[in-house]
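In: Quick one: sequence plus predicted model below, questions after.
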Amino acid sequence: REEWEDKLRTQPVTYGQVITLQHNATSHLLTATSFRYYHSQGSGQHQVIGQHGEDGYSHWRVMPRAGKRWQEVKDVPVRYGETIRLLAVRTGRVLHSHSGLLSPVSGENEVTNFNGESGSLDTNDNWSPKSAGGSVGEVWHLATPFALQHAPTATELVIKEVDPADTNFNYTMGHPEVSAKRR
């Protein structure tokens, strides 16, 4: 496994590529769902959760910022600090967040999969990979630690385990909650 990860670290993340995103601290994969948030402060949009184990809902296509089609930059390496979108392959919706709508468990900004690939001009679909050790402008490589920052709100994607005793446990079907937190 270590040899495989070393090889991946030499491969750039490119526009149009389908990837999985794993949370370093918990090993959960970023996973889209077809279940909606139905809590009093929620958007009613489709949830994003953390889960162990890969399935079709944990595959994301790397796309350029809102308003630009990925086919225009297909196979071009993504650089830290660039604005990207992540399209959930199975749902056809993009990773999305917004200020003012709070997640039910952590009370941080809600993260959903919303809008479609075609013609989305919603800047709330824009994210930016931030290097854990490199600098802005360097190429983002597979299997390297990074943070994903929501471009409009400057919040960072986080995954939080849900305590079964928490009254909001059912909002995420017992899965870890994905939200965007101010750092």
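Out: Looks like it arrived, so ask away. Numbering: from 1, shown residues only.
In: Would you mind listing where this structure has pLDDT under the threshold?
Out: Residue ranges of the chain with pLDDT under 70: 117-120, 134.
In: Mind telling me which residue is nearest the centre of this structure?
Out: L95 (5.5 Å; C-alpha atoms, centre = their mean).
In: Where do the helices of the chain begin and end?
Out: 2-8 (DSSP state H).
In: those strands in it, which residues are they?
Out: Assigned by DSSP state E, the chain shows strands spanning 18-19, 29-36, 46-51, 60-64, 84-88, 93-102, 109-116, 127-131, 146-150, 155-160, 177-182.
In: Against E2, how distant is the residue nearest to the centre of the chain?
Out: 29 Å (C-beta to C-beta, to the nearest Å). Quick note: C-beta positions are derived from backbone N, CA and C, even for glycine.
In: Could you do S58 as well?
Out: S58 sits 22 Å away from E2, going by C-beta to C-beta.
In: quick one: which of these two has more around it?
Out: S58 (22 against 6; other C-beta atoms under 10 Å).
In: so what's the more buried one up against?
Out: Applying C-beta atoms under 8 Å, 6 or more residues apart in numbering, we find S58 in contact with 20-21, 29-32, 51.
In: Which one of the strands of the chain lies nearest to T167?
Out: In terms of C-beta to C-beta, the element of the strands of the chain nearest to T167 is strand 177-182, at 13.5 Å.
In: Can you list the helices and strands that that closest one packs against?
Out: With contacts taken as 3 or more C-beta pairs under 8 Å, 6 or more residues apart in numbering; DSSP states H and E, strand 177-182 sits against strand 46-51, strand 109-116, strand 155-160.
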